[in-house]
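> Below: sequence and its predicted model.
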Amino acid sequence: VMALSLLMYPVLKTLALQLHSAVTGSYVSGTHSIAFINCLNEQIAKDIARAIMDKKLAANVNILPKTSALYFWKGEIEESTEILLLVKTRTSKIGELSNYVRSIHPFEIPEIISLPIDQGNPLYLKWIEESIPRD
């Protein structure tokens, strides 16, 4: 019984938070996330953003203009320009989003980093919720 309780804790916690959110109308911190994805150029960024939206893995993707990047690659310092995507999605979709982007991205190791959304405009967060199908 103890082992089963420990195994079921994450599921029960998630269900309790969803129930609390539904009853009170409050936002549960971390329900949504922002993913950062780097791209080589604007065309690749637009193609990846469109593909993410077509798969309904995000409610919104911002394409930020050129940024300069310095990074280590194979032991050397490299410098390049990149386009950054800001992807607003459900936290539960981050794994699927990451797998999908890795399958279509031209980089050997694309940057795909996500951060949970702690707070925000309740109406905007509700819109994200309504825009992306549940798992």
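Thanks, I have the structure now.
> quick one, what contacts the most centrally placed residue in the chain?
The centroid of the chain falls nearest to residue 35 when counting by C-alpha atoms, centre = their mean (3.6 Å). Taking C-beta atoms under 8 Å, 6 or more residues apart in numbering as the criterion, residue 35 is in contact with 58, 85-87, 89, 94, 97-98, 112-114. The way it works is simple: take the backbone N, C-alpha and C, and place the C-beta from them, glycine included.
> just residue 49 next, same as before
The neighbours of residue 49, taking C-beta under 8 Å, 6+ apart as the test, are 61, 63, 85, 87.
> related to what we said a few turns ago, what separates the residue nearest to the centre of the chain from residue 3, distance-wise?
Counting by C-beta to C-beta, to the nearest Å, the separation of residue 35 from residue 3 is 34 Å.
> swap in residue 123?
Noted for residue 123: a distance of 42 Å to residue 3, by C-beta to C-beta.
> Check residue 133 too.
Taking C-beta to C-beta as the measure, residue 133 falls 33 Å from residue 3.
> what about the strands in the protein?
Along the chain, the segments classed as strands by DSSP state E run 32-39, 60-73, 76-90, 112-116.
> Pick the most deeply packed of those.
Per-stretch averages of neighbours, counted by mean count of other C-beta atoms under 10 Å, single out strand 32-39 among these, with a mean of 21.
> For it, the averaged confidence score.
Within the predicted structure, the mean pLDDT of strand 32-39 is 97.
> Taking strand 112-116 as reference, get the angle to it.
Orientation note: strand 32-39 sits at an angle of 160 degrees relative to strand 112-116 (axes from the mean of the first three to the mean of the last three C-alpha atoms, to 10 degrees).
> Pairing partners for strand 32-39, with directions?
According to DSSP bridges, strand 32-39 has the following sheet partners: strand 76-90 (antiparallel), strand 112-116 (antiparallel).
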